[in-house]
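Novice: Any chance you could fold what I've pasted below:
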Amino acid sequence: MKTVSIGFFREDGDFSILATLNNNDGYLTEDAFSAMVEVTRLALQQFAEVDMEALERQDTPDYVTVEE
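Specialist: Numbers count the residues shown, from 1 in each chain. All right, here's what the predicted structure looks like:
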């Protein structure tokens, strides 16, 4: 698993994304990345009070240029 989107399925069936995480450059070990995904999913679930899911998919680019 290198990229995930964390969110929940709305009543209309769409997936509402609250967070995206990636480890495409391998900065974290696979175990560390999996742990980070689960901790993030559980935190969002607790505070949003809705069942969250982590889907293996890439919904955002790996890099962006930030202009000042």
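
Novice: Going by C-alpha atoms from here, please, whenever you check contacts or count neighbours.
Specialist: Will do.

Novice: can you pull the buried residues of stretch 48-57?
Specialist: By 16 or more other Cα atoms under 10 Å, the buried positions in stretch 48-57 come out as 52-55.

Novice: Out of these, which comes closest to T3?
Specialist: Checking the buried residues of stretch 48-57 against T3 with Cα to Cα, the nearest one is L55 at 8.5 Å.

Novice: S5 is in contact with that closest one, correct?
Specialist: Yes: L55 sits in contact with S5 when judged by Cα atoms under 8 Å, with a separation of 5.4 Å.

Novice: from the buried residues of stretch 48-57, which two are the most distant?
Specialist: Greatest spatial distance among the buried residues of stretch 48-57 (Cα to Cα): M52 and L55, at 9.7 Å.

Novice: what's the overlap in contacts for these two?
Specialist: Among the neighbours of M52, those also in contact with L55 (Cα atoms under 8 Å, 6 or more residues apart in numbering) are I6.

Novice: who touches G26 in this structure?
Specialist: Applying Cα under 8 Å, 6+ apart, we find G26 in contact with no residue.

Novice: just the one 4 residues further on next, same as before
Specialist: Shown in contact with E30 (Cα under 8 Å, 6+ apart): M1.

Novice: Need phi/psi at it.
Specialist: Main-chain dihedrals, E30, degrees, to the nearest 10: phi -60, psi -40.
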